[in-house]
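Trainee: Just a sequence and a predicted model for now, questions to come.
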Amino acid sequence: MMLESKAAKRAAIDAAVEKADLGKFITADEMNAWIDSWDTENELSAPVASGQSNSQ
């Protein structure tokens with residue numbers, strides 16, 4: 001059971017890395033602004049991933 005759990009975790013990480021390698025990201029600022037707008041009169045649309053991360 002433990003090995004299956006580790007294999008599943010590893011598969012999820014590998015899938016996330018493959019997605020990240022596409023080079024599309026949402027910045028923390030974009031995500032935080034969206035979340036902060038929830039339940040307000042000016043609720044924002046969900047941010048859209050695009051471009052490259054600022055760390056590259």
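Mentor: Everything's here; your move.
Trainee: list the buried ones in the host helix or strand of Ile13?
Mentor: With the criterion set as DSSP states H and E, the secondary-structure element containing Ile13 is helix 2-20. Of the residues in helix 2-20, none has enough neighbours to count as buried (16 or more other Cβ atoms under 10 Å). For every residue, glycine as well, the C-beta is placed using N, CA and C.
Trainee: chain center to that helix, what's the gap?
Mentor: Going by Cα atoms, centre = their mean, to the nearest Å, the spacing between the C-alpha centre of helix 2-20 and its chain's C-alpha centre is 15 Å.
Trainee: same for that helix, what does it pack against?
Mentor: Packing partners of helix 2-20 (3 or more Cβ pairs under 8 Å, 6 or more residues apart in numbering; DSSP states H and E): none among the helices and strands.
Trainee: give me the low-pLDDT residue ranges for this structure?
Mentor: Within the chain, the stretches falling below the threshold (pLDDT under 70) are 52-56.
Trainee: still on that earlier bit, could you point out which element follows the helix holding Ile13?
Mentor: With DSSP H and E, the next secondary element past helix 2-20 is helix 28-37.
Trainee: what sits up against that following helix?
Mentor: Under the contact criterion Cβ atoms under 8 Å, 6 or more residues apart in numbering, helix 28-37 has outside partners Glu43, Leu44, Ser45, Ala46, Pro47.
Trainee: and if we set it to 7 Å?
Mentor: The contact list for helix 28-37 (Cβ atoms under 7 Å, 6 or more residues apart in numbering) reads Glu43, Leu44, Ala46, Pro47.
Trainee: Could you give the number of residues near the first one?
Mentor: I take that to be Glu43. Glu43 is surrounded by 10 other residues when neighbours are defined as other Cβ atoms under 10 Å.
Trainee: Does it belong to a helix, a strand or coil?
Mentor: In terms of secondary structure, Glu43 is coil; the call rests on DSSP: H, G, I helix; E, B strand; the rest coil.
Trainee: Spatially nearest residue to it (excluding sequence neighbours)?
Mentor: With Cβ to Cβ, 6 or more residues apart in numbering as the criterion, Glu43 has its nearest non-adjacent residue at 4.8 Å, and that residue is Ser37.
Trainee: ok, how many other residues are close to the one you found?
Mentor: In terms of burial, Ser37 registers 13 neighbours under the definition other Cβ under 10 Å.
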